[in-house]
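Chemist: model this:
(one chain, ligands or ions: 1)
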Amino acid sequence: MTTLSASAICGGYATADFIVKGVDITVAPKDLAVIIGPNGAGKSTFLKLLAGLLPKRTGDVSIDGIALPAGDAHAACERGISFVPQERNVFGSLSVQENLEMGGYLLRSGLKSRIEEQLNRFPMLRGRLRDKAGNLSGGQRQVLAVAVALMTNPSVLLLDEPTAGLSPAAAKEIFVLIRDLAASGLAILMVEQNALLALAYGTRGVVLVAGKKVRDDAAASVIEDDEIRHLFLGRAAPAGAPTLKHDH
Ligand SMILES: Nc1ncnc2c1ncn2[C@@H]1O[C@H](COP(=O)(O)OP(=O)(O)OP(=O)(O)O)[C@@H](O)[C@H]1O
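Modeler: Model prediction:
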């Protein structure tokens, strides 16, 4: 059981290094924390900073209290963090089997049994092992992307918009699967545009605005917040509702 904690995380890209502006977060086992916020708020950038994928980072990311080096995705992976990017998260020209093998490239042994574990967890993949990932449906590809991420036996899963482009029915299936993974003990942090539905499956709602965290609360209370509904969930706030405050 592993807890991810991050404090005062700032960072971004070579050409724009101040996208995330001092975010703290703790994600414990069984948490499914859903990050929502407007376009360009820095949600994806934050996940990439936690995963060690961007070199421009200050602040601390720790696993069970032990700090990870900045900009070192390999170290993050070895310490149990697995990241599923929004796009290009599987190799379309490789088979399902080959994608799973790629996910396990860091394993020194036990590749076959790790693959078998994923096939037991996601039986749909067993029947598609020889099919190219590019021939799967969008929902099936996302299942494969999660299975690939689980090949290293992570304890922390970072997911960037796992339901982007999926039908509502396929999105629900993915959310159920993610919720079950959290319930089994993983610490999960997920960015989602599909905010209302994602919060319905999540344990926590985290709101990022302009690179800062403005809310971190039980998912149920974030869903019920009129102002957040108005801003992010497409529901009207009552007249005279206050505006969400954040520092610039
Ligand atoms: N590779 C990059 N180089 C420079 N700037 C980038 C890069 N990728 C993203 N940005 C900028 O960083 C800011 C935050 O982008 P990010 O993708 O993290 O936001 P987001 O909250 O995930 O938004 P969205 O919901 O639109 O994906 C944006 O202004 C974006 O233009």
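Chemist: buried sites along stretch 208-221?
Modeler: Neighbour-count burial for stretch 208-221, counted by 16 or more other CB atoms under 10 Å, picks out 208, 209, 210, 211, 212, 213, 214, 215, 216, 219. Where C-beta positions appear, they are placed from N, C-alpha and C, glycine not excepted.
Chemist: ok, now which ones touch the residue nearest to the spatial centre of the chain?
Modeler: With distances taken as CA atoms, centre = their mean, the residue of the chain nearest its centroid is residue 159 (1.9 Å). Contacts for residue 159 (CB atoms under 8 Å, 6 or more residues apart in numbering) come out as 84, 146, 178, 188, 189, 190, 191.
Chemist: Residue 97 reaches residue 132, doesn't it?
Modeler: No: contact criterion CB atoms under 8 Å: residue 97 and residue 132 do not qualify, at 10.5 Å.
Chemist: In CSV, list the C-alpha atoms belonging to stretch 127-138.
Modeler: Taking C-alpha atoms only, stretch 127-138 is exported to CSV below (Å, rounded to 0.1, in the frame of the first residue of the first chain):
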residue,chain,number,x,y,z
GLY,A,127,-9.6,-13.0,-27.3
ARG,A,128,-7.8,-10.2,-29.0
LEU,A,129,-4.1,-11.1,-28.2
ARG,A,130,-3.0,-11.4,-31.8
ASP,A,131,-5.0,-8.4,-33.1
LYS,A,132,-3.3,-5.2,-33.8
ALA,A,133,-4.1,-2.6,-31.1
GLY,A,134,-5.1,-0.2,-33.9
ASN,A,135,-8.0,-2.5,-34.7
LEU,A,136,-9.5,-2.3,-31.3
SER,A,137,-12.4,0.0,-30.5
GLY,A,138,-11.6,3.2,-28.6
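Chemist: what residues does that stretch touch?
Modeler: 90-97, 99, 119, 140-141, 144, 165-167, 170.
Chemist: Model confidence for residue 122, exactly?
Modeler: pLDDT recorded at residue 122 is 95.
Chemist: Please apply the same query to residue 231.
Modeler: If you check residue 231, the pLDDT there is 75.
Chemist: That one - that's part of a strand, no?
Modeler: No: assessed by DSSP: H, G, I helix; E, B strand; the rest coil, residue 231 does not belong to a strand; its assignment is helix.
Chemist: give me the number of residues near it?
Modeler: 20 (other CB atoms under 10 Å).
Chemist: Against the ligand, how distant is it?
Modeler: 14 Å (CB to the nearest ligand atom, to the nearest Å).
Chemist: Please work out which residues outside the biggest helix by length in the chain touch it.
Modeler: Under DSSP state H, the helix in the chain containing the largest number of residues is helix 168-183. Helix 168-183 is contacted from outside by 30-32, 122, 137-139, 142-143, 146, 150, 157, 159, 162-163, 166, 188, 190, 194, 197-198, 200-203, using CB under 8 Å, 6+ apart.
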